[in-house]
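> Sequence and predicted model, in that order:
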Amino acid sequence: MIAETICSAVAAAGLGIAAVTAYRRRFLAAARLAAYALVPVGLVMTGAVEWAAETAFSPVAWAGFGVLGAAWLLFLATRAVERRSGGTRKERRAAAKAARRDAVAPAASAPSLGQGARPQAAPAARQKAAPAEDFSDIEAILKKHGI
């Protein structure tokens with residue numbers, strides 16, 4: 001009851017100041033003041049003031065705010081741990097996907113890769129290519145280290 005009275009008084013004072021401002025031919029400022037002055041009356045009429053008053057004096061509502069605060073702190077803590085552990089979810093998924101891809105041997109057959117059957121190369125061609133693969137791995141390691 002007292003909140004509605006205070007809001008009405010504030011609105012009346014604001015409208016009075018807006019009228020004085022309009023009398024001084026500052027119509028844009030007067031319209032803006034009138035808009036601000038009507039906000040408290042609108043809040044009273046919608047019931048927002050009553051809800052806020054009931055919430056402010058309700059222990060259950062304050063306990064709810066405490067629970068929301070605890071949830072927010074837990075969220076922040078988990079984000080901090082996630083950042084320390086290295087990257088975002090997308091980066092960890094990409095790393096896991098790459099690890100699964102690299103888990104299959106490069107010379108594995110097609111069914112183990114899950115891509116259907118492919119024609120097999122001749123055994124003689126594999127024997128010739130095998131030493132080159134060994135040297136390519138060594139070359140990649142040397143290039144990685146800048147040698």
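Yep, it's here. Numbers count the residues shown, from 1 in each chain.

> tell me how far the host helix or strand of Glu91 is from the chain's mean position?
Under the criterion of DSSP states H and E, Glu91 resides in helix 89-103. Here helix 89-103 is found 22 Å from its chain centre; the criterion is CA atoms, centre = their mean, to the nearest Å.

> what about the helices in this protein?
2-23, 27-46, 48-56, 59-86, 89-103, 110-113, 123-144 (DSSP state H).

> For the first one, output the C-alpha coordinates as CSV.
Taking Å, rounded to 0.1, in the frame of the first residue of the first chain, the C-alpha atoms of helix 2-23 are listed here in CSV:
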residue,chain,number,x,y,z
ILE,A,2,2.8,2.4,0.9
ALA,A,3,4.8,1.5,-2.2
GLU,A,4,1.8,2.4,-4.5
THR,A,5,1.5,5.8,-2.7
ILE,A,6,5.2,6.5,-3.1
CYS,A,7,5.1,5.6,-6.8
SER,A,8,2.0,7.7,-7.4
ALA,A,9,3.7,10.7,-5.7
VAL,A,10,6.9,10.2,-7.7
ALA,A,11,4.8,10.1,-10.9
ALA,A,12,2.9,13.2,-10.0
ALA,A,13,6.1,15.1,-9.3
GLY,A,14,7.6,13.9,-12.5
LEU,A,15,4.6,15.0,-14.5
GLY,A,16,4.7,18.4,-12.8
ILE,A,17,8.4,18.9,-13.7
ALA,A,18,7.5,17.8,-17.3
ALA,A,19,4.8,20.4,-17.4
VAL,A,20,7.2,23.2,-16.3
THR,A,21,9.7,22.0,-18.9
ALA,A,22,7.1,22.1,-21.6
TYR,A,23,6.1,25.6,-20.5
